[in-house]
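*Asks:* Sequence and computational prediction follow.
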Amino acid sequence: MKSPRSPLLLALLWLLAAAVVVPSLLLLRGPSTELYLAVTARTADLPGVELVAEGGVIALALLWLLAAWQARGAGLGAVATALVGGAGAVVAYATSEVAKTIVQQPRGCWDLIEIAHCPAAGDWSFPSNHTTIAFALATSVVLTALATGRPRDSLGTTTALRFRRARRLPPYRVMVVAPAVLAIVTGAARLVQGVHFPHDVVAGATVGVCVVVALVLALRGPVAAVLATLCRNEAVGRLLLAPEVRAGADDRTLVRR
């Protein structure tokens with residue numbers, strides 16, 4: 001029998017991993033700078049490259065909205081995963097901002113290369129905020145998609161599958177692959193543009209993934225329980241759950257899902 005504390009323990013392990021990996025990446029600044037110069041010598045002048053990361057973050061935000069909508073057809077566990085994951089993206093961004101102010105690493109485009117859209121002095125480099133947000137949103141989408149489309153659940157497979165087919169929404173496999181690709185492209189674009197070193201991007205990805213996974217592990221169950229109580233209100237239930245789910249399950253079933 002699993003310990004009721006195991007999700008909290010796993011969450012702490014994810015946060016501990018981030019706390020170890022992110023500072024360690026600063027030790028790689030020398031090789032990272034060499035790779036940065038090698039890449040940006042060929043890519044910093046590419047037209048429109050600065051728009052790739054912005055578009056990637058916007059696309060991931062839209063995918064999160066879609067994943068949250070799909071989750072309505074799979075019960076409150078999936079809905080809670082989407083909501084906690086979205087909140088986790090905000091927490092990950094805040095964590096990245098705090099790390100920036102502590103480390104205060106200059107950007108390469110301040111003194112190593114010249115690019116057209118270099119952030120102003122004081123906008124520090126480590127870690128990459130765009131990458132943090134991208135990987136945090138991607139992780140939230142993936143976890144929500146897996147919670148929505150997993151093959152076995154307490155409601156049975158048919159409810160969620162009928163809900164998706166009826167609205168012609170993407171299957172969960174697409175919702176796993178697409179956000180991962182977008183997050184990688186977003187982080188790579190920040191390097192190609194010349195505004196971040198490779199270790200900035202890896203650090204941002206680490207923060208984004210670890211914070212969201214930790215929060216989902218720790219809070220998914222409690223949030224689902226709170227949502228079950230809120231869904232006793234008919235208006236809230238209609239907002240959070242698809243009609244098929246509301247008609248076919250009671251509060252206890254929804255929380256277990």
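*Replies:* Perfect, I can see it now.

*Asks:* now the closest residue to L230 other than its chain neighbours: how far from L219?
*Replies:* Spatial nearest neighbour of L230, chain neighbours left out: V236 (4.7 Å); criterion: C-beta to C-beta, 6 or more residues apart in numbering. For every residue, glycine as well, the C-beta is placed using N, CA and C. As defined by C-beta to C-beta, to the nearest Å, V236 lies at a distance of 19 Å from L219.

*Asks:* More neighbours: the two, which one.
*Replies:* L219 (21 against 13; other C-beta atoms under 10 Å).

*Asks:* Now do the contacts for the more buried one.
*Replies:* Listed by C-beta atoms under 8 Å, 6 or more residues apart in numbering, the contact partners of L219 are 80, 84.

*Asks:* where's it, which helix or strand?
*Replies:* Assessed by DSSP states H and E, L219 sits inside helix 198-230.

*Asks:* Could you look up the next helix or strand downstream of that helix?
*Replies:* Following helix 198-230 in sequence order, the next helix or strand is helix 234-240 (DSSP H and E).

*Asks:* any weak-confidence spans in the protein?
*Replies:* For the chain, the stretches with pLDDT under 70 are 1-5, 150-172, 246-257.

*Asks:* Tell me where it has helices.
*Replies:* Secondary structure of the chain (DSSP state H): helices located at 6-24, 29-43, 50-71, 76-103, 108-111, 129-149, 157-167, 172-193, 198-230, 234-240, 243-248, 251-256.

*Asks:* now those in JSON lines, with distance to G122?
*Replies:* As requested, those are exported to JSON lines (distance: least, C-beta to C-beta, whole Å):
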{"stretch": "helix 6-24", "distance to G122": "21"}
{"stretch": "helix 29-43", "distance to G122": "20"}
{"stretch": "helix 50-71", "distance to G122": "19"}
{"stretch": "helix 76-103", "distance to G122": "10"}
{"stretch": "helix 108-111", "distance to G122": "10"}
{"stretch": "helix 129-149", "distance to G122": "14"}
{"stretch": "helix 157-167", "distance to G122": "46"}
{"stretch": "helix 172-193", "distance to G122": "18"}
{"stretch": "helix 198-230", "distance to G122": "16"}
{"stretch": "helix 234-240", "distance to G122": "42"}
{"stretch": "helix 243-248", "distance to G122": "49"}
{"stretch": "helix 251-256", "distance to G122": "47"}
